[in-house]
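Asker: here's my sequence, what's the structure:
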Amino acid sequence: MMDKEAKKNYVEEMKTKFSSNESVMIAQYQGLNVTELDELRKELREKGIIFKITKNRITKIALEKTKCKDLSNLFTGPTAVAFGEDAIMSARILSKFAKDNENLKLIGGLMDNEVLDQAGVLNVANLPTLDEARANIVGILNASASKLVSILLARSEKMSNLPAENSETQPKE
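Answerer: I've put the predicted structure just below:
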């Protein structure tokens, strides 16, 4: 059991985490063992994401004056939060882990101040990352440029294959 000072520190720590991170993903972990939780934490930590098991009643107090206050109804049962800057990466890692471990359930989150339900988190998990989106754009631009060049070259080749006009076949004025 936490003493009053520890509770205050916990509330302040959680307020800071909820206020300073662009991405907050909430999951229930009932049934996961310590090894599975450590494996998930390690995978998230490699991407700069913090996975923290919460104390629901105190966490709800911390949420009251933050941008995440609308998430407080999600804190029931054994709950954990993933804090990070990249919502897509957080959602992707958590949803992949949830597919392999049915005891982890994604229940909601927050991305760029927008509250996400369970379906929203799964949709975010399927979005391309920023680097993947950039690569797709470069590929599209590169493909368009090479298509344009091939079209222009094809036209010039067709024009060069036209029979040369000489003065004998042209009508006289």
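Asker: OK, contacts around residue 34?
Answerer: Contacts for residue 34 were tallied using CB atoms under 8 Å, 6 or more residues apart in numbering; there are none. Just so you know, the C-beta spots here come from the backbone N, C-alpha and C atoms, and that holds for glycine as well.
Asker: against residue 40, how distant is it?
Answerer: Using CB to CB, to the nearest Å, one gets 11 Å for the distance from residue 34 to residue 40.
Asker: distance between the longest helix anywhere in the chain and the chain's centre?
Answerer: As far as residue count goes, and with DSSP state H defining each element, the longest helix of the chain is helix 130-160. Relative to the chain's own centre, helix 130-160 is displaced by 29 Å; criterion: CA atoms, centre = their mean, to the nearest Å.
Asker: and for stretch 31-42?
Answerer: For stretch 31-42, the distance to the chain centre is 21 Å (CA atoms, centre = their mean).
Asker: what of stretch 84-98?
Answerer: Shown here is stretch 84-98, whose average C-alpha point lies 6 Å from the average C-alpha point of the whole chain (CA atoms, centre = their mean).
Asker: quick check: mean pLDDT of the longest helix of the chain?
Answerer: Helix 130-160 shows a mean pLDDT of 73 in the predicted model.
Asker: dump the helix or strand that contains residue 10 to CSV, restricted to CA.
Answerer: The secondary structure element spanning residue 10 is helix 4-20 (assigned by DSSP states H and E). Coordinates of the C-alpha atoms in helix 4-20 are reproduced here as CSV (Å, rounded to 0.1, in the frame of the first residue of the first chain):
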residue,chain,number,x,y,z
LYS,A,4,0.4,9.7,1.1
GLU,A,5,3.7,11.0,-0.3
ALA,A,6,4.1,8.1,-2.7
LYS,A,7,0.6,8.7,-4.0
LYS,A,8,1.4,12.4,-4.6
ASN,A,9,4.6,11.5,-6.4
TYR,A,10,2.7,8.9,-8.5
VAL,A,11,0.0,11.4,-9.4
GLU,A,12,2.6,14.0,-10.5
GLU,A,13,4.6,11.5,-12.5
MET,A,14,1.4,10.3,-14.3
LYS,A,15,0.3,13.9,-15.0
THR,A,16,3.6,14.6,-16.6
LYS,A,17,3.6,11.5,-18.7
PHE,A,18,0.0,12.1,-19.9
SER,A,19,0.7,15.7,-20.7
SER,A,20,4.1,15.4,-22.4
